[in-house]
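Asks: Whatever this is, show me its structure:
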Amino acid sequence: MSGRAAAPYPLRLSVTARPLVFGGHAIARRLGKKGLPDWSVAETWECSDVEGNHSVVTNGPSAGRSLRQVLTDRPEALMGTGWSGECFPLLTKFIDAGGTLPVHLHADDEAARRLEGQPNGKTEAWHILDAAPGATALCGVKKGVTAGRLRAALEAQDFDAVLRRLPVRAGETLYVPGGTPHSFGPDTLVYEIEQTSDIQQHAMRWHMEDGSPVGEDEFRANLDMLMRQADLGSRPEFHPGLSIAAGDGVERVFLCAGPYFALERWRAGTAEPLRRSFATAQILTNAGAPVRVRTDTWSGELGRAETLVLPAACRETEITGPADVLFGYLPDLDRDVRAPLLAAGYPLPLLQRFIAARA
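Replies: All right, here's what the predicted structure looks like:
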C-alpha cells in the first residue's frame, strides 16, 4: 500500500515493549510472544498510531512506512468507504499485570479537548486472557461516594473505601468509559483495545516508569486534574460475551461493542476454516497457536501473540484451524453488531444493554 496502485494486503507491524514497574514475563512465557527483551515487560503495543509511538509496517511494499503514512496514502483502502480521519483510530496492547497497575483514569472526549488539548479521550476495554484465582480489578466509584470523599480517599491511598473491587475471570471483558477510575492486577494478563490516545491521570504516590516517589506538589496537581475528569457515575461490569455459531466448529463471540470499537473472539476447529468478511480495517491478533491467514492476494503465518492489520479493501479472510483469534475494529454498530446478533436470536433489549451507548 505504499503507492496508489499497490494491492492491499495484511500489514505486519513493529511492536513497542514498555518496561513499567508492574510488568513481568507473562507475555513471552504464557502467551508465547517472540522477540521480546529479557527484561520485565509490562505492555506490548501491538497496533499504535499514538504520537511518538507510531507502528511501522515490516512486510511487503509498505515496509518501513508508519501506519499513519499508510492511512494518509490510501485512507479508504485501509479504513473503508467514507473514512476521513487523520489517524488510525484504535490502539491495542497486551498487558502483563504481574503487579498492580496504578489507580488512574483516562479523559473522555469532552474532557480531553477541554482540559488536555487533545482531539479525543481514551475509552478502553480489557479482555482477560488469564488471571490467578481470586484476581480482582478496581473499576468505578462506589454508589453514594461524593467528590469530596473520593478526593480524601485518594489522598490517603485508601482505594477500597471508594472504588468498586470486581472479580476477574479469564474470558470476560470489561468496557471502561473515559473518566472511570480503574486498576487491575496482580497476576492478570489482558488484551486491551482503546481509542488512539495516551492521556492519563494517576492517583499514585509513585511513578509507574521506575517506582520513584511522586513529590507532594506533583501528587496534588495530579489529583486536581483527575478529579476534574472523574465520572462518579460510571460503574461498568465484566461480561462473558455473546456467542453465535459461524460454521461447523466455528464460534464467534462478541466481547464488547460501542461507538469507538468492537472486539470479537473467534475459535475454530478443523471441520472447516474460519471465514470472516468485513468492510472496515480489522486488527487481527492471535491468542492461540500459530495459524495460516489468507486473503485473495496474500497468505502467511500468524504466530503466537502476533498481530496483523487487515485493510478494509481485503474484504475477507480465511484462517485455518485450530484457531483462537481476536478481531478488533471500528464498527458500524447496526451492520456489524446488531444485525448478526439479532439474526442469531438475541433479543433487542439484551443488545441495548450489551452495546455501550456512550464513551
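
Asks: which residues are contacting the helix or strand containing residue 292?
Replies: Of the helices and strands defined by DSSP states H and E, residue 292 is found in strand 291-294. Outside of strand 291-294, the residues within contact range by Cβ atoms under 8 Å, 6 or more residues apart in numbering are 10, 284, 299-302, 308, 317-323, 325. For every residue, glycine as well, the C-beta is placed using N, CA and C.

Asks: at 7 Å what do you get?
Replies: Outside strand 291-294, the residues that touch it by Cβ atoms under 7 Å, 6 or more residues apart in numbering are 10, 299-302, 308, 317-320, 323, 325.

Asks: for stretch 150-169, same thing?
Replies: For stretch 150-169, the external contacting residues (Cβ under 7 Å, 6+ apart) are 103, 128, 131, 135-142, 145, 149, 181, 184, 188, 203, 205, 223, 227, 230, 232, 235, 238.

Asks: before we move on, what about stretch 338-355?
Replies: By Cβ under 7 Å, 6+ apart, the surrounding residues in contact with stretch 338-355 are 239, 242, 244, 254, 257-258, 333, 337.

Asks: same thing but 10 Å
Replies: For stretch 338-355, the external contacting residues (Cβ atoms under 10 Å, 6 or more residues apart in numbering) are 175, 237, 239, 241-246, 252, 254, 256-259, 262, 264, 331-334, 337.

Asks: What about these, which are in strands?
Replies: Under the assignment DSSP state E, the contacts of stretch 338-355 contribute 175, 242-246, 252, 254, 256-257, 262, 264 to strands.

Asks: The residues you listed: which two are farthest apart?
Replies: Greatest spatial distance among those (Cβ to Cβ): 175 and 245, at 24.1 Å.

Asks: Taking the centroid of the protein, which residue is nearest it?
Replies: In the chain, the C-alpha nearest the mean C-alpha coordinate belongs to residue 193, at 1.0 Å (Cα atoms, centre = their mean).

Asks: Check which residues of the strand holding residue 292 are buried.
Replies: Buried residues in strand 291-294, counting neighbours by 16 or more other Cβ atoms under 10 Å, are found at 291, 293-294.

Asks: just to revisit the earlier point, pretty sure the residue nearest to the centre of the chain belongs to a strand, no?
Replies: Yes: under DSSP: H, G, I helix; E, B strand; the rest coil, residue 193 falls within a strand.

Asks: For the stretch 251-359 of the chain, which segments count as strands?
Replies: Applying DSSP state E, counting those that start in this stretch to the stretch 251-359 of the chain gives strands spanning 262-268, 274-277, 282-286, 291-294, 299-302, 307-310, 316-320, 323-329.

Asks: and the fourth one, which strands flank it?
Replies: So the one you mean is strand 291-294. Taking DSSP bridges as the criterion, strand 291-294 forms sheet pairs with strand 299-302 (antiparallel), strand 316-320 (antiparallel).

Asks: Dump it to CSV, keeping only the CA atoms.
Replies: Output of strand 291-294 as CSV, limited to C-alpha atoms (Å, rounded to 0.1, in the frame of the first residue of the first chain):
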residue,chain,number,x,y,z
VAL,A,291,-2.4,-20.2,12.2
ARG,A,292,-2.4,-19.7,8.5
VAL,A,293,-4.1,-16.5,7.3
ARG,A,294,-5.3,-16.0,3.7
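
Asks: just how off-centre is that strand within its chain?
Replies: The chain centroid and the centroid of strand 291-294 are separated by 22 Å, computed with Cα atoms, centre = their mean, to the nearest Å.

Asks: Give the rounded mean pLDDT of it.
Replies: The average pLDDT for strand 291-294 rounds to 98.

Asks: ok, back up a step: now, which of the buried residues of strand 291-294 sits nearest residue 63?
Replies: Proximity of the buried residues of strand 291-294 to residue 63 (Cβ to Cβ) peaks at residue 293, which lies at 17.7 Å.

Asks: Tabulate the contacts of strand 291-294 in CSV, adding columns for distance to residue 345 and neighbour count.
Replies: Converted to CSV, the contacts of strand 291-294 look like this (distance: Cβ to Cβ, whole Å; neighbours: other Cβ atoms under 10 Å):
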residue, distance to residue 345, neighbour count
10, 33, 23
299, 35, 12
300, 36, 16
301, 36, 11
302, 32, 21
308, 32, 24
317, 26, 23
318, 26, 15
319, 25, 22
320, 29, 16
323, 25, 23
325, 24, 24
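
Asks: just the residues you listed now: which is nearest residue 274?
Replies: Among those, and counting by Cβ to Cβ, the member closest to residue 274 is residue 319, at 4.3 Å.

Asks: Residue 175 and residue 245: who's more crowded?
Replies: Taking other Cβ atoms under 10 Å, residue 175 and residue 245 do not tie; residue 175 has more neighbours (24 against 10).

Asks: Find the nearest non-adjacent residue to the residue nearest to the centre of the chain, please.
Replies: Of all residues not flanking residue 193 in the chain, residue 328 sits nearest, at 4.6 Å (Cβ to Cβ, 6 or more residues apart in numbering).
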